[in-house]
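Trainee: The following block contains a protein sequence and its predicted model.
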Amino acid sequence: MFLNLFVPNKGWRVWLGCMWVMGLAVMLVPSVLQASIDSQPSSMDYKALQRGCLLAYYPNSNQAHVSVDMRLAKVRLSRIVDWGKGVSDATVSIMPLGKQQVLATGQLPVRDGMSKPILLTLPDLQGQYIARFTLQTPEQTVEIDVPFIRERFTWENNQLGITDEVYPPFSPVQATSNGQVKIVDRLYQLNGLGLMNQVTALDRALLASPMSLQYELANGQVVTIEPGTLTLQKSADTHAVYTSSSHTAQMQIDAH
């Protein structure tokens, strides 16, 4: 009706109608067609990518778990989801903030905007660091820095509260050379594999049968590992240590 009122010529109405449809189509082009994103650290795209570059740092073990997750729930921008699906290669490097000294690096196998986590082993850290994710699509390579801090506290690795004393109502661990271990009203009977033959609690046996180890050969034969000799190496109020050794024609099993 709009075209009929203001454009009296039929030919012009058809031409303008086509132009209007084409303009609407351009407006509705999905963001996946965008060849590149804004990689400036202050941009929304960059901050969205930071949310999709995942880092979990474990200072006690000097390790970091890193991965990429470009799902909408993480990045919260649909155009970044579409861009992330085009990532064909990704690497991550851990380095001190403001320095190019790479402490650890790894390759992230990205597929459809996601990767499985990988584990990086780090040296002993102190201070400010970044995990630099390098994401590559056919059209663009983007570097995303995820910062983290390793701060040492005075209470780390101290011995406060650590003792071998057992206080009531708890009772000391009782271990015998034949593999019987009593801990807090439970009796464990170990076998020569270091596994449990039985666990008894309140005079009730909890296992239907002793634990065992089996494996299957390539020809389908199932081999049951016979228990070896169980040896009590150490018995203290707070713990007991046993060792055992067993073997078959294919392998040696040492339990500790």
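Mentor: Perfect, I can see it now. Numbering: from 1, shown residues only.
Trainee: From here on, just use CA atoms for contacts and neighbour counts.
Mentor: Noted.
Trainee: which SS class is residue 200?
Mentor: Following DSSP: H, G, I helix; E, B strand; the rest coil, we place residue 200 in the strand state.
Trainee: what are the ranges of the strands in the stretch 51-200 of the chain?
Mentor: 53-58, 63-68, 89-96, 104-108, 110-111, 114-115, 118-121, 127-136, 141-150, 174-175, 180-183, 186-190, 196-201 (DSSP state E, counting those that start in this stretch).
Trainee: out of the ones you listed, nearest to residue 236?
Mentor: strand 174-175 (8.0 Å; Cα to Cα).
Trainee: For the closest residue in space to residue 170 that isn't next to it in sequence, which residues are in contact?
Mentor: Closest residue to residue 170 apart from its sequence neighbours, by Cα to Cα, 6 or more residues apart in numbering: residue 184 at 6.5 Å. Neighbouring residues of residue 184 by Cα atoms under 8 Å, 6 or more residues apart in numbering: 170-171, 173.
Trainee: of those residues, closest to residue 65?
Mentor: residue 173 (36.9 Å).
Trainee: hmm, back to that, just the buried residues from the contacts of residue 184, in ChimeraX please.
Mentor: Selection of buried members from the contacts of residue 184 for ChimeraX, criterion 16 or more other Cα atoms under 10 Å:
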select :173
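Trainee: now the contacts of residue 184 in CSV, with distance to residue 147 and pLDDT?
Mentor: What follows is the contacts of residue 184, written out as CSV (distance: Cα to Cα, whole Å; pLDDT from 0 to 100):
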residue, distance to residue 147, pLDDT
170, 45, 89
171, 47, 92
173, 46, 96
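Trainee: check contacts around the closest residue to residue 128 other than its chain neighbours.
Mentor: Closest residue to residue 128 apart from its sequence neighbours, by Cα to Cα, 6+ apart: residue 149 at 4.5 Å. Applying Cα under 8 Å, 6+ apart, one finds that residue 149 lies in contact with 126-129.
Trainee: next one: residue 96
Mentor: 102, 127-130.
Trainee: let's see it at 10 Å
Mentor: 102-103, 125-131, 147-149 (Cα atoms under 10 Å, 6 or more residues apart in numbering).
Trainee: List buried residues within the residues you listed.
Mentor: Applying 16+ other Cα under 10 Å to the contacts of residue 96 flags 129-131, 147-148 as buried.
Trainee: Tell me the one among those nearest to residue 86.
Mentor: Nearest member of the buried ones among the contacts of residue 96 to residue 86, counting by Cα to Cα, is residue 131, at 21.4 Å.
Trainee: What score does the nearest residue to that closest one once chain neighbours are set aside have for pLDDT?
Mentor: The shortest distance from residue 131 to any non-neighbouring residue, by Cα to Cα, 6+ apart, is to residue 94 (4.6 Å). At residue 94, the pLDDT value in this model is 98.
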